[in-house]
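**Student:** no sequence for this one, just the structure:
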């Protein structure tokens, strides 16, 4: 299974915001630069995360992005399911339907594998993703300083 770029960026944005503690909340533009993602793509991701209640965005002086309590405790499996949306790993019914679809066992096996993938991510939350060594690295790249060992 391969995650979409949108989901990848969303997880990285959440991880970046999870390490913000005693600093001014970063702007969408700053997060985009830190994560090396185009601003427009990051803005779309932030809007979706805000809609899901995971991120709070404030405009103007003193504004910026903050991770909500729900964002900190969000299950990675649940987030990936939500952001990826429904769909099969393979498309059996597309514009040229697979001739094996009526008796194929592959589709069921792939569904079970996909669910096992999500299930392995379910117990992990955003806060856990930024424990050492990831958190210090994120702090270092966002401040422009190397991470402390």
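**Tutor:** On my side now, so go ahead. None of these values were measured; they are calculated from a predicted model.
**Student:** hey, where'd the strands end up in this protein?
**Tutor:** Under the criterion DSSP state E, the chain contains strands at 55-58, 64-67.
**Student:** Of these, flag the one that's most buried.
**Tutor:** strand 64-67 (a mean of 20; mean count of other CB atoms under 10 Å). From N, CA and C alone the C-beta is placed, and that goes for glycine too.
**Student:** Please name the strands paired to it in the sheet, noting orientation.
**Tutor:** strand 55-58 (antiparallel) (DSSP bridges).
**Student:** Show residues contacting the strand it pairs with.
**Tutor:** Residues outside strand 55-58 that contact it (CB atoms under 8 Å, 6 or more residues apart in numbering): 13-14, 17, 25, 28, 46, 49-50, 63-68, 71.
**Student:** what about 7 Å?
**Tutor:** For strand 55-58, contacts defined as CB atoms under 7 Å, 6 or more residues apart in numbering pick out 17, 46, 49, 50, 64, 65, 66, 67, 68, 71.
**Student:** Would you confirm that the fifth one contacts residue 25?
**Tutor:** This means residue 64. Yes: the pair residue 64 and residue 25 qualifies as a contact (CB atoms under 7 Å) at a distance of 2.9 Å.
**Student:** Quick check: chain neighbours aside, which residue is closest to residue 7?
**Tutor:** Closest residue to residue 7 apart from its sequence neighbours, by CB to CB, 6 or more residues apart in numbering: residue 83 at 4.3 Å.
**Student:** ok, the one you found - how many residues close by?
**Tutor:** Neighbour count for residue 83, taken as other CB atoms under 10 Å: 19.
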